[in-house]
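Asker: when you get a sec, could you give me coordinates for this:
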Amino acid sequence: MLRQLAVGPRTRHQLATKLADKDIPNDAAKSVLDRMTEVGLIDDEAFAHMFVRSQVDSRGLAPMALRHELRKKGVSDDLISLAVGEVEPDDQRATAQALVDKKLRTMHGLERVVQTRRLAGLLARKGYPAGLSYEVIREAIDALPPGASL
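Answerer: Here you go, the predicted model:
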């Protein structure tokens, strides 16, 4: 179990799953997990905050995708709301713009409708709401120099 924590922070749920996979009795696993939580080796709240910061910075995930990922890791809805609540709308928009700008540089020569569809798919996979996505995409494509898209 300490090896799991040495690789990186884990949630209580993730560690409980690992213990169950190794056929550790539930009462023994609960006791170990309780002690690890007590001494600060397991902290789902700190994990959620760290996860949100790192995934926004490295992958550009939006709150919806962050919620989904944290749920899969067994973080409670209350802790998810606290952590995801740190993502400011302006930061979300700026991240979406950066993703679109980066991808748009590789899409020269494609028709506007193709660019829009591909960019919308990218932002949808990252969890951005459709309204924000299309607004950012439209602004980015409109800002292209004439002839940059067909």
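Asker: C-alpha only now, for contacts and for neighbours.
Answerer: OK.
Asker: residue 97 is in contact with residue 123, correct?
Answerer: No - between residue 123 and residue 97 no contact is recorded; they are 9.8 Å apart, counting by C-alpha atoms under 8 Å.
Asker: what residues are up against the nearest residue to residue 103 once chain neighbours are set aside?
Answerer: Closest residue to residue 103 apart from its sequence neighbours, by C-alpha to C-alpha, 6 or more residues apart in numbering: residue 119 at 7.4 Å. When contacts are counted by C-alpha atoms under 8 Å, 6 or more residues apart in numbering, residue 119 touches 100, 103, 104, 137.
Asker: for the protein, what spans make up the helices?
Answerer: Secondary structure of the chain (DSSP state H): helices at 2-7, 12-21, 26-38, 44-59, 63-72, 77-84, 89-104, 112-125, 130-142.
Asker: dump the ones you listed to a markdown table, plus mean pLDDT.
Answerer: Listed next are the helices of the chain as a markdown table, based on pLDDT from 0 to 100:
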| stretch | mean pLDDT |
| --- | --- |
| helix 2-7 | 70 |
| helix 12-21 | 92 |
| helix 26-38 | 92 |
| helix 44-59 | 95 |
| helix 63-72 | 97 |
| helix 77-84 | 97 |
| helix 89-104 | 95 |
| helix 112-125 | 96 |
| helix 130-142 | 96 |
